[in-house]
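1. only geometry, no sequence info:
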């Protein structure tokens, strides 16, 4: 089977999560992803429990469907090797600050001279047109500046917190995927490559404010912004007699069915708070509070049965272990057992979605550092003696090299 992006080669200078998540997605679609790593490797290789140094779960879950070359880009011979790879590439992706790319001599102007049709994509913190252009950025910082902790404080106990997920990295990475695919289509029409910047701040600001700009969308403002239902302190999984349940009673039909199911059919017609979605939004805190009290009166299983029978959206609330046994994910084959050549048996996740003709899939295991260094250079025209010389000069490395830097100890979190 030919995957949708088969024949597209992407030079991937990204590390940590945002860029690797984007390029893994493209690799699952069939693109040949050449992951160019520094001699000490992507930092996420060292995060989390692992069987062997440099092969932590955070790294492996964002770097399948790729080949790895360990290359010292600060060495002239290393930069030259990258330039030779660029000549046969379709896309060049990085996620460091543009100022670092300038120091390496790898700007769009440098790369497009070598390959005028290249699609050159940078993922970094801020648009290069504003005063924050050279600020460093991480997921936590972008969450903060794009208002997420403030919204969590408004919805909770007043304490700002980050979302416990690299949401800014993932959202920006997916937007970069969209941009790359659109640019590939555009190049097919015009024959021209281009430079694309994907800034985290602007991407996340739009992502969050689409929901929460609210009355600030108008001039003059109609309120101080914020989507009342999402900010209600009572918008949370509901506690039952023996656990928790997630349900959303949202439309008129849902509310009518809910009151009928609990034997209070007249409430929807007589209580003005339920008369429309607008009225329910005005009284959302008290309505959610009353539902919270009501759901304490039955068990999770009883509510699941009642709400499903009434065709009201409902799910169980999983934790990180129970989701592995979810019957729907089991039936769809979402979790797959992989036998990695060095890491043994692993649990990995199937690419989401179902395609009738060319379904994306994991095409390669997450590579060891420099696993494909010699293979990739050979494809770029390097002979065996040239490759061996680069190894001897420590410009490249492979997993078998004894001169590889020793990985740092695995850490629980960063």
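-> Perfect, I can see it now. These numbers come from a predicted model, not from an experiment.

2. Near residue 230, how many other residues are there?
-> 13 (other CB atoms under 10 Å). The C-beta positions use only the backbone N, C-alpha and C, and glycine is treated the same way.

3. May I ask which helix or strand encompasses the residue nearest to the spatial centre of the chain?
-> Centroid-nearest residue in the chain: residue 170, 2.3 Å away (criterion: CA atoms, centre = their mean). For residue 170, the element it lies in under DSSP states H and E is helix 167-190.

4. now for that helix, which elements pack on it?
-> Here helix 167-190 touches helix 18-28, strand 91-94, strand 119-124, helix 139-145, strand 194-199, helix 200-212, going by 3 or more CB pairs under 8 Å, 6 or more residues apart in numbering; DSSP states H and E.

5. Against residue 169, how distant is the closest residue to the residue nearest to the centre of the chain other than its chain neighbours?
-> In space, not counting the residues next to it along the chain, residue 170 is nearest to residue 21; the distance is 5.8 Å by CB to CB, 6 or more residues apart in numbering. The gap separating residue 21 from residue 169 is 7 Å, by CB to CB, to the nearest Å.

6. Among these two, which residue is more densely surrounded?
-> A direct count of neighbours by other CB under 10 Å for residue 21 and residue 169 places residue 169 higher, at 26 against 22.

7. ok, now which ones touch the residue nearest to residue 170?
-> 62, 169, 170, 173, 174 (CB atoms under 8 Å, 6 or more residues apart in numbering).

8. residues touching the last one, list them.
-> Just to be clear, that refers to residue 174. Residue 174 touches 21, 22, 25, counting by CB under 8 Å, 6+ apart.

9. how many neighbours does the residue nearest to residue 79 when sequence neighbours are not counted have?
-> Nearest in space to residue 79, with sequence neighbours left out and distances taken as CB to CB, 6+ apart, is residue 73 at 5.5 Å. Counted with other CB under 10 Å, residues neighbouring residue 73 total 19.

10. My understanding was that residue 73 contacts residue 38; is that so?
-> Yes: Residue 73 lies in contact with residue 38 (CB atoms under 8 Å); the separation is 7.4 Å.

11. re the thing from before, dihedrals phi and psi, the residue nearest to residue 79?
-> Backbone torsions of residue 73, given as degrees, to the nearest 10, read phi -80, psi -10.

12. Next up, phi/psi of residue 34, please.
-> Main-chain torsions, residue 34, degrees, to the nearest 10: phi -100, psi 100.

13. cool, and the one 3 residues further on?
-> Here is the backbone geometry of residue 37 (degrees, to the nearest 10): phi -110, psi 150.

14. Now the phi/psi pair for residue 340, please.
-> phi -80, psi 140.

15. ugh, typo on my part, it should be residue 35
-> Per-residue torsions, residue 35: phi -80, psi 110 (degrees, to the nearest 10).

16. quick one: contacts for it?
-> Applying CB under 8 Å, 6+ apart, the residues near residue 35 are 12, 14, 20, 23, 42, 63, 66, 67, 68, 69, 367.

17. so can I have CSV of these showing distance to residue 345, pLDDT and neighbour count?
-> Shown next, in CSV, are the contacts of residue 35 (distance: CB to CB, whole Å; pLDDT from 0 to 100; neighbours: other CB atoms under 10 Å):
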residue, distance to residue 345, pLDDT, neighbour count
12, 27, 98, 29
14, 28, 98, 28
20, 23, 98, 29
23, 25, 98, 31
42, 23, 97, 24
63, 18, 98, 28
66, 21, 98, 25
67, 22, 98, 19
68, 21, 98, 26
69, 27, 98, 28
367, 18, 98, 24
